[in-house]
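**Student:** sharing a sequence plus its predicted fold:
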Amino acid sequence: MATLSGAQPAGAVPAERFQSEYGVTRAYLVVALVALFGGVVTGLFQGLEHSGINLYPHLAPVIQSYYQGLSIHGVLNALVWTTFFISAFVPFVMIYSLRRPLASRFLTWSAFWVMLAGLVMAAIPLVGNAATVLYTFYPPMKANWAFYVGLTLVVVATWLIALNLVMTYRAWRQEHRGEHIPLPAFMCLITFIMWFMASLGIAAETLFMMIPWSLGLVKGTDALLARVLFWFTGHPIVYFWLLPAYISWYVYVPRQAGGKLYSDSLSRVAFVMFLVLSTPLGFHHQFADPGISEAWKFVHALITFAVFFPSLMTFFNVVASLESAGRARGSHGWLSWIFKLPWGDPSVACQVLAMFTFTFGGIGGLINGSANLDLLVHNTAWISGHLHLTVGTAATLTYMGITYWLVPVLWGRRLWSRWVALAQAWTWAFGMLIFSHSLHAAGLLGMPRRTMISQAPYIQPGWEHYMKMTGIGGSILFVSGLLYLLNMVLTMTVARRVEQAPPEFAEAVSGPEEAPGFLDNFSVWVPASVALIVIAYGPTLYRLLTTITYDSPGLRVW
Amino acid sequence: MKRGTTIYLYELAWILPSVAIPVGMLVALIVTSFGVHIHMPGMEGRVNPSKVDSTPPFDHPGCVQVAPGRYEVDMVAQVWSFNPNEIHVPAGSDVTFVSTSRDVDHGFYIPRTATNIMVLPGEISRITAHFDKPGTYPFFCNEYCGILHHMMAGQIIVEAEKTSASSAPNPGRQ
């Protein structure tokens, strides 16, 4: 039996070596939780609006409109909560996996401060109703320049983290020539290298289009080019959210559940495929757009199907690992191992429920990716339902499960209440099933997404039932979110003090010694990723850049 | 060795359907696209968004009969309305919607159909729908376009009698 992280268990590394990392991880998590609070509260108002309870007139001093609330909800949950959590968790996994601190303490902290400064800059116009453009900020809708500069700084901060991770890896490599990269570190590196390449699209959009234009340095912009650059990043950002959840499912959950990871090499194959395939498929968000040839949309649909494959690999590997855990705990039946899992551990409960819910998210994603079939659901509530299964549950509920051990470890205290945490896990999953089912069903009946629907003049037969259910599901999610945040705050402040190490990494049934060495070879996979991106995007981007006249002046429409 | 072999068998048992499902979906996509001709929007040309009012066909928005049973609706989307926002066609018509935006991103969507296309400033969008049953078909904007986005809507009235066809097209375009 091989250990993923080398010969010794990870817990053997004294936490004192990681003092700076513990500090920065705590800082990221505090910001992430504050953002989630804002996102959960604004989410409640939207759910209630769908069910016909319009609170916005009473919120006017703070939130001027449904659409401002929606912008805040999207930015805080999808961009801030996720990015700050990932920036906390992934480097934390990295240092325990390589058993060494991050290479540069200066980079560690400057990344945090740049990211925080960016967040504050973006938040000021957002809260001041000067950036009610939703988190996709499609021009020619024009927000205050500070919003774009702030978002850009957040992206730049993630690059600093990526650089620090790569430097840490290179320092480790100096001392460990010819060895397999430990699996957790390998996954952390893939996550941030993939993200760095993918984020170049949004960075180009904000740096060369949005910022000069919102500052008045250039007169016009172009809607289609901005959408192409946005979705260059906008789909792989989904994998940036998911891969940290997968890391936890692969390297912590099997151990937490009392079993072993099934296959180390299969995990590496899946992550290599995510690196290569995550980015060249953004047109599947633009199947309904004019100005992009159908042939290239087809290519992106093809790659979308291809990237489904490593997700199925993950499904197999993780479920097989959980089965091994159930059997190790005394189960013999075909499915009874599910009931033998440690459901009393909120960290495991959250993450297994997240996996279960994500199955539906994956199937829905395959439908969305099916090009002409997507026209039936494009921009309907179906898409919001899908997003809440993926980032809203697969990622978010997993992140919550991780914090149920990470926050006690970082703050040196027990989890304040295991029972509140368990109630939170189930209410989130249950609330999300109601909420997401309602949105999917309403979407099939033609209900649009991102719309103040209770005020719309075109409500169709069948929508109202699901609109009410959306409000009910959203309210359950709100309660669950508050239970989570309450537990986190009390864990940080009043829970009983106890020093503890993070969970150890799972061992693998089929260990790294069976993984082919070329899987670790970034000098093959990174150029392959770049080549595929150039093929998938090159011709369309070249055509747009050489033919477009930037003649949309832009306006404020809220 | 036995342990390893079992693992590889399980892996194989999972890999084959993992390949089969996406490939099956791809085949379905190819069949519906090239066999059944359910197409995605493509490239239809560009238009300067600040000169929409003077660029044909958007200088005269409206519905025009282009052939027996075939109509073209030239449509301008803007915050927060469609022009035209009421369209009359006889039952059994193919209607092609040619649209662009004067300001920000919009969508044109007839609920519960695949008539679902983005309408962007600078780009011309083209999509065709077939109307068999008489009745009123709503359409609305499904891309957030500002504070009154949810008010941006219109309707297509599909009429039963062939005689009404003469009143449907915009006389200015005949």
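**Tutor:** The structure has been received and is ready for your questions.
**Student:** tell me where the chain has strands.
**Tutor:** Chain wasn't specified; assuming chain A. Taking DSSP state E as the test, the strands found in chain A are A:2-3, A:261-263, A:507-510.
**Student:** that's the other chain; I wanted chain B
**Tutor:** Applying DSSP E to chain B gives strands spanning B:62-67, B:70-78, B:81-83, B:86-90, B:93-101, B:106-109, B:116-119, B:125-131, B:135-140, B:153-159.
**Student:** out of the strands of chain A, which comes closest to chain B?
**Tutor:** Among those, the nearest to chain B by Cβ to the nearest Cβ is strand A:507-510 (5.2 Å). For the C-beta atoms, the positions are set from N, CA and C on the backbone; glycine is no exception.
**Student:** packing partners for that closest one?
**Tutor:** Other helices and strands packing on strand A:507-510, by 3 or more Cβ pairs under 8 Å, 6 or more residues apart in numbering or on different chains; DSSP states H and E, are strand A:2-3, strand A:261-263, helix A:264-277, helix B:2-30.
**Student:** so what's the gap between the third one and the chain middle?
**Tutor:** Same thing as helix A:264-277. Put simply, helix A:264-277 sits 18 Å off its chain's centre (Cα atoms, centre = their mean, to the nearest Å).
**Student:** redo the strands of chain B as TSV? Include mean pLDDT, mean neighbour count and distance to chain A.
**Tutor:** What follows is the strands of chain B, written out as TSV (pLDDT from 0 to 100; neighbours: other Cβ atoms under 10 Å in any protein chain shown; distance: least, Cβ to the nearest Cβ, whole Å):
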stretch	mean pLDDT	mean neighbour count	distance to chain A
strand B:62-67	95	16	20
strand B:70-78	97	22	10
strand B:81-83	96	19	12
strand B:86-90	96	20	13
strand B:93-101	97	22	8
strand B:106-109	97	28	5
strand B:116-119	96	27	5
strand B:125-131	96	19	4
strand B:135-140	96	18	5
strand B:153-159	96	19	5
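**Student:** reformat those as TSV; add distance to A:N164.
**Tutor:** Listed next are these as TSV, based on distance: least, Cβ to Cβ, whole Å:
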stretch	distance to A:N164
strand B:62-67	60
strand B:70-78	47
strand B:81-83	51
strand B:86-90	58
strand B:93-101	43
strand B:106-109	42
strand B:116-119	39
strand B:125-131	45
strand B:135-140	48
strand B:153-159	51
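**Student:** how about a markdown table for the strands of chain A, with distance to A:V75, mean neighbour count and mean pLDDT added?
**Tutor:** Below are the strands of chain A laid out as a markdown table (distance: least, Cβ to Cβ, whole Å; neighbours: other Cβ atoms under 10 Å in any protein chain shown; pLDDT from 0 to 100):
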| stretch | distance to A:V75 | mean neighbour count | mean pLDDT |
| --- | --- | --- | --- |
| strand A:2-3 | 41 | 19 | 40 |
| strand A:261-263 | 35 | 27 | 88 |
| strand A:507-510 | 39 | 23 | 86 |
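**Student:** of all those strands, which one is nearest B:H106?
**Tutor:** Among the strands of chain A, the nearest to B:H106 by Cβ to Cβ is strand A:261-263 (48.5 Å).
**Student:** could you list every helix and strand that that closest one packs against?
**Tutor:** By 3+ Cβ pairs under 8 Å, 6+ apart, strand A:261-263 packs against helix A:294-328, strand A:507-510, helix B:2-30.
**Student:** where among those is average confidence lowest?
**Tutor:** In terms of average pLDDT, helix B:2-30 trails the rest of these, at a mean of 79.
**Student:** that one vs helix A:294-328, what angle?
**Tutor:** Relative orientation of helix B:2-30 and helix A:294-328, computed by axes from the mean of the first three to the mean of the last three Cα atoms, to 10 degrees: 150 degrees.
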